[in-house]
Every structure is written in C-alpha cells, then in structure tokens.
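# quick check, what structure comes out for this input:
(one chain, ligands or ions: 1)
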Amino acid sequence: MPTSLLHLQKPHSIPSINSPPPLSLHSASNIPKLFHYTRSKREMTNFPVINLGNLNGEDRAATMDQIRDACENWGFFEVLNHGIPHDFLDTVETLTKEHYKKCMEQRFKQLVASKALEGLQAEVTDMDWESTFHLRHLPQSNIAEVPDLSDEYMKVMKEFALKLEKLAEELLDLLCENLGLEKGYLKKAFYGAKGPTFGTKVANYPPCPTPDKIKGLRAHTDAGGIVLLLQDPQLEVITNGKYKSVEHRVIAQTDGARMSIASFYNPGSDAVIYPAPALLEKETEDGKKKVYPKFVFEDYMQLYAGMKFQAKEPRFEAMKARETTAPIATA
Ligand SMILES: [Fe+2]
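Model prediction:
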C-alpha cells in the first residue's frame, strides 16, 4: 500500500505481484476480549480489501459492512486510501532496506553461521529466519536510543509513527461505530494512566536456502489492539482463517530479501482490559455467556511472552484463572 495500491487500486481488487506493498490491518487478540466474535468457517481464498476512501461518499454503509465482515470473519484486512502518501511509504521501505544492508545483514549472517542454520536437514522449531529491531513510540519514544539509525531514518520513522498512530485511532473509531460503542470508547479503554503503548517491529527476511526447514516467523496470534502492517510485495503471510486474532506466519523465500514493518497499537501497560459492558449486556440478552477475562494488560503481555507460538485460548484461560484468584476492581 505504500505506493500506488492506495489511490489507484479499485476496491476489492487484489494487488498484482508488481503492485506497491499493501498496508494491512489485523485485529489482534486483545480485541476479542473486548467483544466476542464468532468463528469463521470461511476458506482463505481471498482476503478483504477495504477502500477507506469510500467512507466519505454514498458507499459508506456498504464499506462499514465490509469492515464488520472483515473483523468478524477474517481478523485481517487490507486498507486502501488510508491517507498516508505512497511516496512517503516508499521512503520508509527504501530506508529500511538500506539500514538492513548497512547495519544488520552482517550480523544476521554471523548468527546463521553460529547457530549452524545453513543447509538444515531437520526442521527448526525454536527459531525464526528473521532480522529485527523494535522501536517504541508511545508512551515515550526510544528512537534516539536505538543504535545505528541514521538521522534521516530516525526522522522518517518518527513521522511514520505519527501517521500510523492517527490511522490506528481512526480505525478504532470505525470499529466502535460498527460495535455500537461511543466514538473514542476503544481509545479510552486502551489508555491506562499514560496512554496507549505504540511500537513498531521492523523485520527483514533475508533469502533462506531451506524455507521448508525454518519459518521466517512461526505461526502465532498477536497480542494487543491492532496491528498495522507494511510489507513489500509477496512477503507471504499465510493465515488459516480460524481466528479473529488470526493465526499467521511468515514463510522465508529462497531468493530475494523481504521486509515487514508491523506497528502495534496496544493498550497502556496498566490499562484494565475487559469486555465492554454495553456488549456484554447485549450478549446476555442474546443468551450468550461472558467468555473473556478482565486483566491488566501488562500481566497478559508477560504471559504472552512465553506463549506467543501457542494457541491463544490457553492464554485466555490462564488470565481467567488469575481473575478468579485476584479480581481487579474496575470503575
Ligand atoms: Fe504477528
């Protein structure tokens, strides 16, 4: 999406191999704690593409329905016309690839050699074929402390974060509208004492000689609120379509380096997360039961750190057990 995909792409069309990289959004595992989605029975034949430009015209209602369907049945969608200039996203991509070449590639090669990951005969299940670094934007930026970033790259990534923060908050309000929650409800729910946590994982996936033996990134579901994903074309993210916080993985390629920039707009560490009362009331009326626990977001993230590559249900169960032994007061 960075580039031409955004304005020129027709709604619902899938980018061709040569199209500019898409920006995608998937609702992550915290969202289902706030609202309950039904499970998808759909096959991953084709994924939803939402033209946000249509929200300003007569297609608004249909577009909101597409977003609702994408959230309920996919947990992942691609956005067009999101307002971030293509040229700017091209710059982000170019600088990210330059930074990898200059500052990360040699280190990655040394790591591959030290872990004997060349010419693998057996499958490796405890490592990923990726080279990453993390930037934190909110509640306080750490960009100035991240080593090896050029002044230009630092400046661009700060601007990138501001643009994505705005987009994430716009998307949260679209979700509120679809859920019948007041505007700003989700942003407020994420706020805690110091505001949301917002960060970016910058990942490069160098060519891998044995992609059948080691994944670029093993299958997982994300924690947190929403994830905005900027990828170069053809980075293959496969989902099995089972979950709203959809399971996905990255397959490394034998030729050509790939990159992925994932920005996570999450609750503040001390934000208390629990199902929206208005939705619970509605579900009770509908005869459904509460299934998601109430918890402090930081506690969930600690649990998540050790269970990222497992199914998300045991994480929810563990938080429910904790909720029973140590209930959290909520205003
Ligand atoms: Fe992920």
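# show me what the most centrally placed residue in the chain is bridged to.
By Cα atoms, centre = their mean, the mean C-alpha position of the chain lies nearest to residue 227, the distance being 2.3 Å. Note on residue 227: beta-bridge partners residue 26, residue 264, judged by DSSP bridges.
# wait, doesn't it sit right on residue 263?
Yes - the pair residue 227 / residue 263 is scored as a contact, 7.0 Å apart, by Cβ atoms under 8 Å. Yep, even glycine has a C-beta here, placed from its N, CA and C like the rest.
# now stretch 58-73, how far from the chain's geometric center?
Centroid separation between stretch 58-73 and its chain, computed with Cα atoms, centre = their mean, to the nearest Å, is 19 Å.
# where does the prediction get shaky in the stretch 1-150 of the chain?
Applying pLDDT under 70 to the stretch 1-150 of the chain flags the ranges 1-46.
# buried by neighbour count: which residues of the helix or strand hosting residue 278 qualify?
If you go by DSSP states H and E, residue 278 is part of helix 277-285. Within helix 277-285, the residues scored as buried using 16 or more other Cβ atoms under 10 Å are 279, 280, 283.
# wait, is residue 270 part of a helix?
No - assessed with DSSP: H, G, I helix; E, B strand; the rest coil, residue 270 is coil; it does not lie in a helix.
# wait, it touches residue 295, no?
No - when contacts are counted by Cβ under 8 Å, residue 270 is not listed as touching residue 295 (11.3 Å).
# tell me which of these two has more neighbours.
Neighbour count, other Cβ atoms under 10 Å: between residue 270 and residue 295, residue 295 has more, with 23 against 13.
# number of residues surrounding the residue lying closest to the more buried one once chain neighbours are set aside?
Excluding its sequence neighbours, the residue lying closest to residue 295 (Cβ to Cβ, 6 or more residues apart in numbering) is residue 319, at 4.6 Å. Other residues lying near residue 319 total 21 when counted by other Cβ under 10 Å.
# got the contact list for residue 319?
Contact partners of residue 319, counting by Cβ atoms under 8 Å, 6 or more residues apart in numbering, are 293, 295, 299, 300, 303.
# where does the first one land on pLDDT?
pLDDT recorded at residue 293 is 82.
# before we move on, what about the third one?
What the model reports for residue 299 is a pLDDT of 91.
# any idea how far it is from residue 157?
29 Å (Cβ to Cβ, to the nearest Å).
# so what's residue 129 closest to, chain neighbours aside?
residue 252 (4.3 Å).
# give the contact list for that neighbour.
129, 130, 205, 206, 207, 208, 211, 214, 215, 216, 258.
# touching, the second one and residue 208? I think so.
No - the pair formed by residue 130 and residue 208 falls short of the contact definition of Cβ under 8 Å, at 9.6 Å.
# pull up the overlap in contacts between those two.
Taking Cβ under 8 Å, 6+ apart as the contact rule, the neighbours common to residue 130 and residue 208 are 216, 252.
# number of nearby residues for residue 56?
10.
# and it, what are its phi and psi?
Geometry field for residue 56 lists phi and psi as phi -90, psi 0, criterion degrees, to the nearest 10.
# I'd like the next helix or strand past the helix ranked longest in the chain.
Scanning the chain for the helix with the most residues, using DSSP state H, yields helix 151-179. Per DSSP H and E, the first helix or strand lying C-terminal to helix 151-179 is helix 185-189.
# ok and the helix or strand following that next one relative to helix 151-179, angle-wise?
Reading on from helix 185-189 to the C-terminus, the next helix or strand found by DSSP H and E is strand 197-205. For strand 197-205 against helix 151-179, the angle by axes from the mean of the first three to the mean of the last three Cα atoms, to 10 degrees is 120 degrees.
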